[in-house]
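1. Sequence first, predicted coordinates after that:
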Amino acid sequence: MGNQVEVLDHEGKAQGAVELPEELFAAKVSEYAVYRAVVTYEANQRQGTAAVRSRSEVARTGKKHHRQKGTGWARRGSLRSPLVRGGGVAFGPQPRSYELRMTKSLKRLAFRSALTLKAQQGAVHVVEDMEPETPSTKAFVKAMRAWGLGETAGGVLLVTAGPTPMLEKSCRNVRGVTVEPVGCLGTYAVVAAERVVFTRSAIAELVRRCAVATEEPRSGSE
């Protein structure tokens, strides 16, 4: 059986409990999988647009700078040379892709490992669903304090079952708080947050999605 976690309402009062499934929050931890997920995410955030001009791209004359012998200077054949001030750059950066990929199995292992590590640290919380009719940062901050998360320095990740525009507007000015629907939740977001807060419906949606993922048919002949 999984761990039991109390469900708190907006005032911090317990409203029953939910069970965190073992396959997600008590899985075998693979530090390597988590490492690969973090490295892959950070690499894929790089734009790879750094570029400099080589000697063939510098807009300078190709005429020989001075005669070959007798001056005591180096033998420079062009002002485009990397040895000349204003010339091209040798072996400089050029636009490239830093994209990395992971297999589906490794992604799932990393995600479950990250959730398990947070559960072992006691950093997983569950709250009642919330979707205010109008944005209110004040009300959201009050709810965070009621949940005991008012002084969390490392960041809070609030996971919802789906898009919640009003909730996102309520907390976008609160430093360190990020709202993610389950469909966009990844290993990096879980690892980067100090506390992970799920709504009640987000837990159910997470279990449903992971169950569907494990039931996907394998490619190739059976």
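-> Right, received. Where do you want to start?
2. just to confirm, which helix or strand has Ala114 in it?
-> helix 104-120 (DSSP states H and E).
3. Output the contacting helices and strands for that helix.
-> When contacts are defined as 3 or more C-beta pairs under 8 Å, 6 or more residues apart in numbering; DSSP states H and E, helix 104-120 packs onto helix 22-25, helix 31-44, helix 187-192, helix 200-214. Just so you know, the C-beta spots here come from the backbone N, C-alpha and C atoms, and that holds for glycine as well.
4. just checking, next helix/strand downstream of that helix?
-> Next helix or strand after helix 104-120 toward the C-terminus (DSSP H and E): strand 124-127.
5. Could you say which of the helices and strands packed on helix 104-120 is packed most deeply?
-> The highest mean neighbour count among those, using mean count of other C-beta atoms under 10 Å, belongs to helix 187-192: a mean of 20.
6. Need the residues that contact it.
-> Here helix 187-192 makes contact (C-beta atoms under 8 Å, 6 or more residues apart in numbering) with 34, 37-38, 41-42, 107, 110-111, 113-115, 117-118, 155, 157, 178, 180, 196.
7. rerun at 6 Å
-> Ala37, Val38, Tyr41, Ala110, Phe111, Ala114, Leu157, Glu180, Val196 (C-beta atoms under 6 Å, 6 or more residues apart in numbering).
8. From the centroid of the chain, which residue is nearest?
-> Tyr188 (4.0 Å; C-alpha atoms, centre = their mean).
9. ok, residues contacting the helix or strand of the chain with the lowest mean pLDDT?
-> The weakest-scoring helix or strand in the chain, judged by mean pLDDT, DSSP states H and E, is helix 200-214 (a mean of 82). Residues from elsewhere that reach helix 200-214 (C-beta under 6 Å, 6+ apart): Val7, Val18, Pro21, Glu128, Asp129, Val159, Thr160, Ala161, Val182.
10. repeat that with 8 Å
-> Residues outside helix 200-214 that contact it (C-beta under 8 Å, 6+ apart) are 7, 18, 20-21, 23-24, 108, 126-129, 159-162, 181-183, 185, 198.
11. Output that helix as CSV, nothing but the C-alphas.
-> Taking Å, rounded to 0.1, in the frame of the first residue of the first chain, the C-alpha atoms of helix 200-214 are listed here in CSV:
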residue,chain,number,x,y,z
ARG,A,200,-7.0,16.0,-5.2
SER,A,201,-8.0,15.6,-8.9
ALA,A,202,-4.4,16.0,-10.0
ILE,A,203,-3.5,12.8,-8.1
ALA,A,204,-6.3,10.9,-9.8
GLU,A,205,-5.3,12.3,-13.2
LEU,A,206,-1.7,11.4,-12.7
VAL,A,207,-2.6,7.8,-11.8
ARG,A,208,-4.8,7.6,-14.9
ARG,A,209,-2.2,8.9,-17.2
CYS,A,210,0.5,6.6,-15.9
ALA,A,211,-1.8,3.6,-16.1
VAL,A,212,-2.5,4.4,-19.7
ALA,A,213,1.2,4.8,-20.5
THR,A,214,2.1,1.4,-19.1
